[in-house]
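# After the sequence you'll find the predicted model.
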Amino acid sequence: MANTKPTENAGDKPANIPPATEVDPSGAPMQIVPDVDMTHPAVDADPRKGTSIDQNRIDFNDPNKSGAEAVADMLNAQGVNTKVTDADKAGK
């Protein structure tokens, strides 16, 4: 039987990317990955391009609400009626 043990290569080694020291406004830790090509078509270097001030003001990170409750509140504020169930409130 052939040896099926994977061979070690550079891709198997730890990346050694320094830990984040700041947090992005979205709540994501900001880590610099040195070999990411920000001009690659699969990378969105400007995800908020073309959005309005109101779109960027919405905060879904309220620790006192489930995601469903936060979305329902935002939709209700825009005049869209919603129904939030007990399961939604529990974050299920």
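Yep, it's here.

# give me every residue that touches the residue most central in space within the chain.
Against the mean C-alpha coordinate of the chain, by C-alpha atoms, centre = their mean, the closest residue is Ala28 at 6.5 Å. Contacts for Ala28 (C-beta atoms under 8 Å, 6 or more residues apart in numbering) come out as none. C-beta: built from backbone N, CA, C; applies to glycine.

# Could you pick out the longest helix of the chain?
As assigned by DSSP state H, the longest helix anywhere in the chain is helix 67-77.

# From the contact counts, what lies against that one?
helix 86-89 (3 or more C-beta pairs under 8 Å, 6 or more residues apart in numbering; DSSP states H and E).

# so where's the chain shaky on pLDDT?
Scanning the chain with the threshold set as pLDDT under 70 gives 1-10, 58-61, 85-89, 91-92.

# let's see it at 80
1-12, 15-16, 25-28, 32-34, 55-63, 84-92 (pLDDT under 80).

# any idea how far Ile17 is from Ala42?
As judged by C-beta to C-beta, to the nearest Å, Ala42 and Ile17 stand 19 Å apart.
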